[in-house]
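Trainee: Sequence and predicted structure are below.
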Protein chains: 2
Amino acid sequence: MTKVQNTGWRRNRVMVFDTTLRDGTQREGVTLTSEDKARIARELDALGVDYIEAGFPASNPKDLEFFEGFDAGELKNARLVAFTRARRPNARAEDDPAVTLLTGLSAPVACIVAKSWKMHVEKVLRTTVEENLASVRDTVEYLAGAGKEVIFDAEHYFDGFRDDPDHALSVLRAAAEAGATTLVLCDTNGGTLPTELRETVERTVEEFREMPGVEVGIHTHNDSGCAVANALVAVEAGATHVQGTVNGVGERCGNCDLVPVIANLQLKMDEPVRAGENLERLTEVSNYISELMNLTPDAHRPFVGRSAFAHKGGLHVDGISKDPSTYEHVAPEAVGNTRRTPVGELSGKNSVRAKAEELGIEAKDEMAVLMEIKKKEHEGYHYEAADASLALLISRTAGEDRPLFELESFRIISEKRARGETTTEATIKLLVDGERVISTAEGNGPVNALDRALRAAIEQHYPELSEIHLSNYKVRILDEHRATEATTRVLIDSTDGRRVWGAVGVGENIIEASWQALVDGLEYGARTSEAAAGKAASRSK
Amino acid sequence: MTKVQNTGWRRNRVMVFDTTLRDGTQREGVTLTSEDKARIARELDALGVDYIEAGFPASNPKDLEFFEGFDAGELKNARLVAFTRARRPNARAEDDPAVTLLTGLSAPVACIVAKSWKMHVEKVLRTTVEENLASVRDTVEYLAGAGKEVIFDAEHYFDGFRDDPDHALSVLRAAAEAGATTLVLCDTNGGTLPTELRETVERTVEEFREMPGVEVGIHTHNDSGCAVANALVAVEAGATHVQGTVNGVGERCGNCDLVPVIANLQLKMDEPVRAGENLERLTEVSNYISELMNLTPDAHRPFVGRSAFAHKGGLHVDGISKDPSTYEHVAPEAVGNTRRTPVGELSGKNSVRAKAEELGIEAKDEMAVLMEIKKKEHEGYHYEAADASLALLISRTAGEDRPLFELESFRIISEKRARGETTTEATIKLLVDGERVISTAEGNGPVNALDRALRAAIEQHYPELSEIHLSNYKVRILDEHRATEATTRVLIDSTDGRRVWGAVGVGENIIEASWQALVDGLEYGARTSEAAAGKAASRSK
C-alpha cells in the first residue's frame, strides 16, 4: 500500500503538542500563577513545540485569567490552544458557555474532548450514543465555524475501541466530518500496552487515510509504565501528532514525557520535529520548567537527568575513555546534557572556561575551580541557577575576593502572642570601609528582616544597591526525610531592572543558607553594576 | 509454526530475575550493607521472584561478605545468583579468581557477562572475536561443570546485533553449547526502541527454538524511556526471563522497573508469574525497598505510587463514584495500593464526602466545608498533600475543635557571629490542661527549635506524641516574584511508624506558616492515635 500524498492540512512532519499547562497541572501539588504560565509558554515556544495547550478556561478562573492576559500572537513558533469539553447533552453549542467562551480568546486553536467509550456515554454522561455524536458534531462545527483550528481529543479511545470499534470510530468520524483537523486517540486511564495500542492506531489511521486534511494524534498516560513507548509506537503506526507534558507531569502516574519523545523522534526515528532543531536546549528547558513548578528534577530522567550520562562502574568509565559510544546511546551534548565521571574532568575544565568567559571574568586555574565546585556540590550547592555564586566562586578561587563588608554579628527575633501575628526583627552589626554600623529592621519573615537590615547598613557605601531588589526566593529541602533537621538550599534571584542573577546558599539552618545567598546576590550586583550598566538583559522574563 | 514443546529446562511461565542488589546498586548514591541486602533478599523471596542476583563478589569485597554470610538455602522461592564476567583473554577459566570464586559460594546460580558487540571486543577488550568466543565457552563450561545453573548475559546485544547479527548470535551459541540455560539479551546502553528490540528478540528466539533446555531472556535500561515496554515486548516476542530492579533503580536512567513488569504480565498479558501470586504485596515491597535504599519513593510510580490512584479532576471524581473502571486501568487493591481523592481547587462536594469517609469522620455540611476550603485555598492553602489539616478543617467546621493547648506566646532567636555557625533557640509559653508551661529548646533552624520546644512543653500531657516524629518538611514560596516578602506555604509530614499524615500552614512569615503545620500535625496525631493504636501494624519488622 502506498502512502497517501500529503494535501492540505496533512503535514510532512510530526506535530508536538504540549499540555504541561493543562493536563500537566492535574498533578497533585502543582499550582501555577498566570505569570508562571506565561514564562513556561515562552520557554516552550522558544524550544519549538508546535502547540501549547494552556488551560481549560471554562472550568478554572485562573486559566481564564491567563488566556485573557496573554496574547497568542506573542508566540513565534507555537499555536496557543484552549481546551474545553463538547457541549452538554440536549443543549445547543451556541448556548453552552464552556464552548462559546473560546470564541472570544486570542488562542487560534480549540481542543475539544468528548467520550468515545460507550460505557462512559451511558454510565457517566447518562445519555445516548446518538446524542453524544450530535454533541461532538455541533461543538466541532461551531468552533470551526468561528475560525478556530479544531483538535479533537477522543477520551478513553483505546478502552472504547476494545469494547466496540465501530462506535469508537463513529465518534472520530463525527468530529472529522464536522471540521476537526486532528483526531487524538487518548489512552485516558493509561492502561494500554504497546502491541494493542499499535494495532488500534494502525486500524484507525487506515480508516481516515482517504480523508484529506485529517491527522491522527496520540495522547498517552503512564499508568502501565509505557507512556513514552506507546507514543513512539503510535507514530510508527501512522500518528502525526503527539501530546504530552515536559517531564511527564500529570495526574496519577503522569502524562507521556515529551522530553524523551522529542529526543527519540529526532535522533533515532528519522522523524524530525521542529523542537528537534533546538535539541541542545532540551536539558535546560526541562530543568527550567521543573524549577518553575517547584518540582525536584529527577536526576535519572532519560536524556536530560543529571545522572543520565553519569558513569559509575569502573568498566564503564574505562570504556567511555576509549570510545563514548561504548556506553552512551546518544552524545550528551546533543540534548544539552553533560557526561559525568568520577575521574574524567576534561569536559569539566572546558565548561569552567566557557562559564568564566560567559560571565566576563578570568578563570586562572580551572582545575582548582572544578575541585571547589565538586566539594560544594557534595555539600548540596547547585550552580545551574546560581550564576552569581558561581562567578564569585571562580573569582575567589583566583584570589580575588572583595567582600562588601565584614560581618560582626546578626540576631533575628521572631515573636508570636496568642491570636496575634508573628512579628520579626533583625539587628546586624558590621564593618564597612572601616566604619562600624549597627542596623535594625523589621520584616514579615526572618529573611526579609535580615535583607532590610543589611541593606540599611551598607547602602550609604554602595548607593548602586538601591537599584537592586530581590526578584525570587526559593527554598528547597534536601534530604526531605530528615524533616526540619534536613539541609536547606536557598536560591535568591536579584535584579537591577536590566539583568537577573541567581545566588545560592546551603546550610542546616535556613537562616544561614539565606544569608549566604543574600550576600552573594548583593556582592555580585555591586561588583558588576558598573560593567553591566551598558549591557542589555539577555533574557527578559 | 507451532510452538516447540517445553522439555527439560524450558519453563511454562516467565521467570522474574531481580538484580536490585547487583545492577541496582550502580545507582549514584546507593550503598547497602550486608544486613540491608539480606533484608531485601528476604522481601523479594517472599514476593516470589524467581532469581535474586545479589552482587559481583569478585569485584566488590562487600558483595563477597554478603555471599559468604548468607545461606542461599534460606530462600523459599528464589534461587540466589552470583554475578561475574567471563575469564580474561588468553587465560584459563580455572586460573581466573573472578570465575573460580563462585564455586565456593552457596548461590546455586552463576550469571556470566561477556561481550557480544564486535566493536567492544576489539576496542575495549582488545582481543579477537575467536578468543572472546573461547572465553565464553570456557567460563560457562567451567561453572556448569561445577554444578551451577548458568545464566549468560550478552552485553550490548542489541548494538552488537545491529552491527553484525551473525557475530552476536555466535556469542550466544557458544554460551548455549557450553551449558548456559538462559541467554539474556542486554540493552546495556538503554538506547534501543521497542520495534527494533522486538524484531531482534524474535529472530534470536527463532534461532534457539530447536535447542532444548535453552531460554531467551531480556535485560533493559531506561535511557530512552522505554525500559518497561521493551521488556514486555520481548516477552511477546518469545523471551521467558525478565531482568530488572525494584523501582527501576540503576545506573544513569535506571534499569527496567520490575514492579510494573510483574503487574502487567500478571494482570494484562495472560503471562502469570510466581510473584504475581502475591501481587497485593507489591506496593508494600516497593515502599519497603525504597526505604532501605534511603530513596524518597516517587509518588507517581505506576501501580504502586501514592498518587497512582489519586483522582484530582472533578470529572474524574464524579466518574469514579459511578464506576471505578471509568478512570482506573486496574483495581488499586489488586496491587496493594489505595484510591485517593485529594481535595483540590478543581473538585466539589463529592470529593469532600469521599474524603471524610476515607478519614473516618463525618462531614455534617459539605457545602460549608467546601466554602471554607475555597477560602483557604485562595489564601494559599493546599489540602491535596495535607490530609491531617483537611480532617481538622472538616471537624472544626462541624464545631468539633479540640486544641491540645492554648498558646500564650513563643519567641525564636537566631544569632550569628563572624565566621561562626548560626545558632537558634525557641522559647514557648502555653497552657495545657490548665497548667502554664514555659519551655526552651535549641534547634538547627527556627522551625526545628520551635518543634522541640513545643514537644517538650506538652509531651507530659500527651505521651502518645513521643511516638510521632516529622518525616518530611517542604517549603513553597507563593508569588515568588515578591521575593522574601512573598507568602510561604509549609507542608509537614508526620509519622508514628505505622501511618503518615500531612499538614499545611500558610503565612507571609515562614515561622507562622510552619507553626500552623506543626500544630495541625501534632493535633491530628494525638486525636487519631487511640483509634490507630488498636490496629496492629500490618508488618512487623
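Mentor: Noted; the coordinates are in hand. Numbering: from 1, shown residues only, chains lettered A, B, ... in the order given.
Trainee: for chain A, where's the lowest mean pLDDT among helices and strands?
Mentor: helix A:346-359 (a mean of 64; mean pLDDT, DSSP states H and E).
Trainee: quick check, A:Asn472 in a strand?
Mentor: Yes: with DSSP: H, G, I helix; E, B strand; the rest coil as the criterion, A:Asn472 is assigned to a strand.
Trainee: Quick check: it vs A:Gly69, distance?
Mentor: Applying Cβ to Cβ, to the nearest Å, the value for A:Asn472 to A:Gly69 is 20 Å. For the C-beta atoms, the positions are set from N, CA and C on the backbone; glycine is no exception.
Trainee: More neighbours: those two, which one.
Mentor: Neighbour totals were compared for A:Asn472 and A:Gly69, and A:Asn472 leads with 21 against 11 (other Cβ atoms under 10 Å in any protein chain shown).
Trainee: Show me what A:Glu425 is bridged to.
Mentor: A:Ile413, A:Glu442 (DSSP bridges).
Trainee: For the stretch 101-250 of chain A, which residue gets nearest to chain B?
Mentor: A:Gly191 (2.6 Å; Cβ to the nearest Cβ).
Trainee: Just want the residue of the stretch 251-400 of chain A that's nearest chain B.
Mentor: For the stretch 251-400 of chain A, Cβ to the nearest Cβ, closest residue to chain B: A:His329, 2.5 Å.
Trainee: what's the nearest residue to that residue if we skip its chain neighbours?
Mentor: The shortest distance from A:His329 to any non-neighbouring residue, by Cβ to Cβ, 6 or more residues apart in numbering or on different chains, is to B:Gly191 (2.5 Å).
Trainee: again with A:His469
Mentor: A:Thr495 (6.5 Å).
Trainee: got the buried residues for the strand or helix carrying A:Arg137?
Mentor: In this structure, A:Arg137 sits in helix A:129-145 according to DSSP states H and E. Residues of helix A:129-145 classed as buried: A:132-144 (neighbour count, 16 or more other Cβ atoms under 10 Å in any protein chain shown).
Trainee: who does it touch, helix- and strand-wise?
Mentor: In terms of contacts (3 or more Cβ pairs under 8 Å, 6 or more residues apart in numbering or on different chains; DSSP states H and E), helix A:129-145 is packed against helix A:97-100, strand A:109-115, helix A:118-123, strand A:149-155, helix A:165-177.
Trainee: which outside residues touch it?
Mentor: Residues from elsewhere that reach helix A:129-145, judged by Cβ atoms under 8 Å, 6 or more residues apart in numbering or on different chains: A:86-90, A:92-94, A:96, A:99-100, A:102-103, A:110, A:112, A:114-115, A:118, A:121-122, A:125, A:127, A:150, A:152, A:167, A:170-171, A:174-175, A:177-180.
Trainee: One more: stretch A:433-453?
Mentor: A:408, A:410, A:412, A:414, A:423-431, A:454, A:456-458, A:461, A:470, A:473, A:490, A:510-511, A:514-515, A:518, B:414, B:446, B:484-485, B:488, B:508-511.
Trainee: Among those residues, which are located in strands?
Mentor: Judged by DSSP state E, strands contain the following of the contacts of stretch A:433-453: A:408, A:410, A:412, A:414, A:423-431, A:470, A:473, A:490, B:414, B:488.
Trainee: The nearest residue to A:Lys429 once chain neighbours are set aside: neighbour count?
Mentor: Nearest residue to A:Lys429, sequence neighbours excluded (Cβ to Cβ, 6+ apart): A:Glu408, at 4.1 Å. A count of nearby residues for A:Glu408, using other Cβ under 10 Å, gives 15.
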